[in-house]
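Visitor: give me coordinates for this.
(2 chains)
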Amino acid sequence: MVPVSYYLILSGILFACGVIGFLIKRNIITIFMSIELMLNGVNLSFVAFAAQWQHLSGQVFVFFVMVVAAAEAAVGLAIIIAVYRTRETLNVDQVNLLKL
Amino acid sequence: MLHLILFVVFGAICVAGAINLLTQTHPISSALSLVVVMASLSVEYLLLGAEFVAAVQVIVYAGAVMVLFVFVIMLLNAGEEERTKGSHVAMILGVPGVLAGGLLVAWTLLKRSDTGSVAMGALPGSPKTIGNLLFHEFLLPFEVTSILVLIAIMGAVVLANRPETQNPPPRKES
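Guide: As a prediction, the model looks like this:
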């Protein structure tokens, strides 16, 4: 038996790591990976609560979160490719104008 | 007891991978440590009894999404990232703030002992029951999700398309 709070703390640690990566990283791809890390942390807390309440809806929500994350990854990486094509850089500090 | 040991081992691998993601400067190293995080998270899902979520986690996240990431990193030939002034400010102000918030959340969760505990494989759902739930109770969200994925595919194709190749010249028949 493991307390549910341990799972929630693990998911909180993962979410905090994602936030810190979002703040300190300057490579746009790594920032994107930090967002995926945050989504994973949230998924873990969904599954932990589903196990606590013996309710299956949590797993279905995790499924939807994964679908949205996959769609987001496809569109986001396409945007990254478009940004790199116009600016020749992946550093977010040099991408500060919406229009060239 | 076995549950706790497995939880601690794979949770430690998970957190180590997440911290490694932050400390590495090359995007490929970060991507590979993210794969480690996702694989050990799928073991945590298995410990909770969510076989379906664990399998989808490995297939979709550790498989498809990370292949996309590694593909883009290789395509754009991304190198080491350089530190700038903005990231130093974020490191001085943001990181302690996030750590303080995380410690507060962890302390609150540990103080409240009525969150209950779960046994190994506590979730009752087999993939069959999840499928039943998905196609009966969550049918409308499921269909909306399919439209979302369709829009995402079209958006990715439009965004990644080169402007000059939108009207490709007719290929010569040989």
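
Visitor: and residue B:30, what is it in contact with?
Guide: Contact analysis of residue B:30 by Cβ atoms under 8 Å, 6 or more residues apart in numbering or on different chains lists A:30, A:33, B:20, B:21, B:24. For glycine as for every other residue, the C-beta is placed from the backbone atoms N, C-alpha and C.

Visitor: just among these, which is most surrounded?
Guide: Within the contacts of residue B:30, neighbour counts (other Cβ atoms under 10 Å in any protein chain shown) peak at residue A:30, which reaches 28 neighbours.

Visitor: do you know the pLDDT at that one?
Guide: In the prediction, the pLDDT value recorded for residue A:30 is 92.

Visitor: residues contacting it?
Guide: Contacts of residue A:30 (Cβ under 8 Å, 6+ apart): A:21, B:21, B:27, B:30, B:81.

Visitor: which residues in chain A form helices?
Guide: Here chain A has its helices, by DSSP state H, at A:4-24, A:28-53, A:57-87.

Visitor: and the shortest one with helix A:28-53, angle?
Guide: Here helix A:4-24 runs at an angle of 170 degrees relative to helix A:28-53 (axes from the mean of the first three to the mean of the last three Cα atoms, to 10 degrees).

Visitor: right, and the helix or strand after whichever strand or helix holds residue B:128?
Guide: Element membership for residue B:128 (DSSP states H and E) is helix B:127-136. Using DSSP H and E, the helix or strand that follows helix B:127-136 towards the C-terminus is helix B:139-160.

Visitor: ok so, going back, and residue B:104, which of the helices of chain A is closest to it?
Guide: Distances from residue B:104 to each of the helices of chain A were compared by Cβ to Cβ, and the smallest falls on helix A:4-24, at 9.9 Å.

Visitor: wait, what's in contact with the nearest residue to residue B:102 once chain neighbours are set aside?
Guide: Counting by Cβ to Cβ, 6 or more residues apart in numbering or on different chains, residue B:102 lies nearest to residue A:16, which is 4.1 Å off, once chain neighbours are set aside. Counting by Cβ under 8 Å, 6+ apart, residue A:16 touches B:98, B:99, B:101, B:102.

Visitor: among those, which are located in helices?
Guide: Those of the contacts of residue A:16 lying in helices (DSSP H): B:98, B:99, B:101, B:102.

Visitor: and the closest residue to residue B:118 other than its chain neighbours, how many neighbours?
Guide: Counting by Cβ to Cβ, 6+ apart, residue B:118 lies nearest to residue A:51, which is 4.5 Å off, once chain neighbours are set aside. Residue A:51 has 28 neighbours, counted by other Cβ under 10 Å.

Visitor: quick one: contacts for the residue nearest to residue A:15 when sequence neighbours are not counted?
Guide: Of all residues not flanking residue A:15 in the chain, residue A:41 sits nearest, at 3.7 Å (Cβ to Cβ, 6+ apart). Applying Cβ under 8 Å, 6+ apart to residue A:41 gives the contacts A:11, A:12, A:13, A:14, A:15, A:17, A:18.

Visitor: pull up the gap between residue A:41 and residue A:63, please.
Guide: 17 Å (Cβ to Cβ, to the nearest Å).

Visitor: please enumerate the helices of chain B.
Guide: With DSSP H as the criterion, chain B has helices at B:2-23, B:27-48, B:51-56, B:66-76, B:85-89, B:95-111, B:127-136, B:139-160.

Visitor: pipe these into CSV and attach distance to residue A:58 and mean pLDDT per row.
Guide: Converted to CSV, the helices of chain B look like this (distance: least, Cβ to Cβ, whole Å; pLDDT from 0 to 100):
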stretch, distance to residue A:58, mean pLDDT
helix B:2-23, 18, 92
helix B:27-48, 10, 93
helix B:51-56, 9, 90
helix B:66-76, 24, 91
helix B:85-89, 36, 72
helix B:95-111, 18, 86
helix B:127-136, 10, 89
helix B:139-160, 14, 92
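
Visitor: from the contacts of residue A:16, which is closest to chain A?
Guide: Nearest to chain A among the contacts of residue A:16 is residue B:102, at 4.1 Å by Cβ to the nearest Cβ.
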